[in-house]
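# Any chance you could fold what I've pasted below:
(chains A, B, C and D)
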Number of protein chains: 2
Amino acid sequence: MSKTDKREEIVRAALELIAENGFHAAPMALIAERAKVGAGTIYRYFANKDVLISELYQELEQRLYPVILENYVENKPIRERFLRLFTDLIRYFIANPLDFRYLEQFHNSPYGTEYRRDKILGKREGCDVFRNLFEDGISQQVVKDLPLVILFDLAFGPIQAVTRDHILGFVTLDEAMVSRTIEACWDGIKR
Amino acid sequence: MSKTDKREEIVRAALELIAENGFHAAPMALIAERAKVGAGTIYRYFANKDVLISELYQELEQRLYPVILENYVENKPIRERFLRLFTDLIRYFIANPLDFRYLEQFHNSPYGTEYRRDKILGKREGCDVFRNLFEDGISQQVVKDLPLVILFDLAFGPIQAVTRDHILGFVTLDEAMVSRTIEACWDGIKR
DNA sequence: GTAAAAGGAATGAACGTTCATTCCTTTTGA
DNA sequence: TCAAAAGGAATGAACGTTCATTCCTTTTAC
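Numbers count the residues shown, from 1 in each chain, chains lettered A, B, ... in the order given. Next up, the predicted model:
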């Protein structure tokens, strides 16, 4: 096994364990076991568990962005851009439930709160498409004139909730249901 | 200090610690210290930590329900009932941020997922006002004909998100902003 | 071409710490 | 005086992390 393979195996094992049952269910020894690697080996690639968790988060973000931007076109009507962006977002998460569950765990942990604070205070560059979309929407008067944070919550809140419920099996999001759900989100933020 | 006082102190200490920094930041020894009680005393009132956590959750639910039902009237238009219910819900959480943060922590833990599964599968009786409201809305054709779970997510998703962001100081929810946010939620679920 | 030597990646047993829980002593209240 | 309640030190399991050692690859020397 090559060097990068080992790193990948560690990251994959951590993703699986944490996504499936949360941080508390992923001791380093278990991550090592699932990655088929010695416990000490993890520390050749990551300084400690916090670093592993944070780097994994960043990797997932970096995988996600290009995919949802692939079909996104800036100079289209706001509504169309919104539907496209959020449809592709839900599709990505449905196709990659481990990624979704991991991001969720991360956001609901002290790591995530800190991260969010940095993003909102502008200390960290995020995926600016969303911000641009909402700002354009406000200035074109097709989106409600509410604080950006609230618009984000109105859009991402339901998306996160329905995706979680689909992955947990509480509801089935087929293409039609995804579409109707995102239309409903749009109804919430549009003027 | 009377017997019930001690129990209350333990519950209060646990609520504070867990709400402020999550389960991992609330070891039994610290709960005991903050409650001004011996570590062993906790076990006279709760069989173990899981029981303490679950009973505290149920207590918070039991405190919440009467408050949001206080001004709720069944035979009013759906829209009015929706606005009243969710406004009172947000107000309660803003007035009781520890309760909100605790419920959030609980819901985002394995306890919470299990709990939610039981509720959705009907194994546990919940606050049926919400279900009745949405079902009435659908049958009166004023609410979108979507699965109940999705309607819940469309309504509770944003509410949870904005409340969290208010409590974390990312936005300020004054009365006007609460009202506009809940109107936006209504726009999302109404036909 | 081959054997010896070096380098460094990988290992997992061992360590110190933290935690939930238990157990035994002390205090309380009737 | 005694049973119940409270206290907190003791316990052992679980955890993240370290480090002496092994193992494997690459380099060196002839």
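
# Isn't residue A:119 up against residue A:128?
No: contact criterion C-beta atoms under 8 Å: residue A:119 and residue A:128 do not qualify, at 10.5 Å. From N, CA and C alone the C-beta is placed, and that goes for glycine too.

# ok, these two, which is more surrounded?
Neighbours were counted for residue A:119 and for residue A:128 using other C-beta atoms under 10 Å in any protein chain shown; residue A:119 has more, 15 against 9.

# Who are the contact partners of that one?
Counting by C-beta atoms under 8 Å, 6 or more residues apart in numbering or on different chains, residue A:119 makes contact with residue A:126.

# In a helix, it, correct?
Yes: counting by DSSP: H, G, I helix; E, B strand; the rest coil, residue A:119 is part of a helix.

# And it, how far from DNA strand D?
As for residue A:119, its distance to DNA strand D is 25 Å (criterion: C-beta to the nearest atom of the strand, to the nearest Å).

# Tell me, what's the model's pLDDT at that residue?
As predicted, residue A:119 sits at a pLDDT of 87.

# for the one 5 residues further on, same thing?
In this prediction, residue A:124 carries a pLDDT score of 80.

# cool, and the one 4 residues further on?
What the model reports for residue A:128 is a pLDDT of 89.

# Quick check: it vs residue A:69, distance?
According to C-beta to C-beta, to the nearest Å, residue A:128 and residue A:69 sit 11 Å apart.

# Could you look up the SS state of residue A:130?
helix.

# which other residues reach stretch A:140-151?
Stretch A:140-151 is contacted from outside by A:77-79, A:120, A:131, A:134-135, A:137-138, A:154, A:189-191, B:162, B:165, B:170-171, B:177, B:180-181, B:184, using C-beta under 8 Å, 6+ apart.

# Of those, keep whichever come out buried.
Neighbour counting by 16 or more other C-beta atoms under 10 Å in any protein chain shown classes A:78, A:120, A:134, A:137-138, A:154, A:189-190, B:162, B:165, B:170-171, B:177, B:181, B:184 among the contacts of stretch A:140-151 as buried.

# So for the lowest-mean-pLDDT helix or strand in chain A, what gets flagged as buried?
Ranking every helix and strand in chain A by mean pLDDT, DSSP states H and E puts helix A:110-120 at the bottom, with a mean of 88. Neighbour counts over helix A:110-120 (16+ other C-beta under 10 Å) mark A:111, A:113, A:115-116, A:120 as buried.
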